[in-house]
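**Student:** give me a 3D structure for the following:
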Amino acid sequence: MKALFAIAVLVAGAAAPAAVEAAPRHELALLQDRGGRLAPLSQVLAMLSARYPGRPLDTRVGDAGGRRAYFVQWQLENGRVVVFVVDAETGQILGRQGG
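**Tutor:** Below is the predicted model:
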């Protein structure tokens, strides 16, 4: 019985990272289904990297003042974390928080 429980826990733990990774892609698909074109996330991250040396920690898609936006959690070289709000259609930085 304990062995079955241990196997169930391992299987659930292995599936969890895939579910977390799929969430942002699902959000992107929903936005694209609404008829809008999104700036490629790779281009947005490259633009941020050129202007703010560091690395992305997490990216979400949501709404910022009625506009579709990427919320990019970014770690600067000095270790501080900033959240950039980027227009998902134009790639323009709308704002930043933290850092």
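
**Student:** mind jotting down where the strands sit in the chain?
**Tutor:** Counting by DSSP state E, the chain has these strands, from start to end: 54-64, 67-76, 81-87, 93-98.

**Student:** mind putting those strands in a markdown table, distance to V44, mean pLDDT and mean neighbour count included?
**Tutor:** For glycine as for every other residue, the C-beta is placed from the backbone atoms N, C-alpha and C. A markdown table is the format used below for these (distance: least, Cβ to Cβ, whole Å; pLDDT from 0 to 100; neighbours: other Cβ atoms under 10 Å):
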| stretch | distance to V44 | mean pLDDT | mean neighbour count |
| --- | --- | --- | --- |
| strand 54-64 | 8 | 95 | 14 |
| strand 67-76 | 6 | 96 | 19 |
| strand 81-87 | 5 | 97 | 19 |
| strand 93-98 | 9 | 95 | 13 |
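
**Student:** distance to L48 for those - can I get that in JSON lines?
**Tutor:** Converted to JSON lines, the strands of the chain look like this (distance: least, Cβ to Cβ, whole Å):
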{"stretch": "strand 54-64", "distance to L48": "7"}
{"stretch": "strand 67-76", "distance to L48": "6"}
{"stretch": "strand 81-87", "distance to L48": "6"}
{"stretch": "strand 93-98", "distance to L48": "8"}
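
**Student:** which one of those strands lies nearest to R37?
**Tutor:** Closest approach to R37 among the strands of the chain is made by strand 67-76 (10.1 Å; Cβ to Cβ).

**Student:** pairing partners for the closest one, with directions?
**Tutor:** Paired with strand 67-76 in the same sheet, following DSSP bridges, are strand 54-64 (antiparallel), strand 81-87 (antiparallel).

**Student:** could I get those strands as JSON lines with distance to Q43?
**Tutor:** Conversion of the strands paired with strand 67-76 to JSON lines gives the following (distance: least, Cβ to Cβ, whole Å):
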{"stretch": "strand 54-64", "distance to Q43": "13"}
{"stretch": "strand 81-87", "distance to Q43": "10"}
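
**Student:** good, we can wrap up now.
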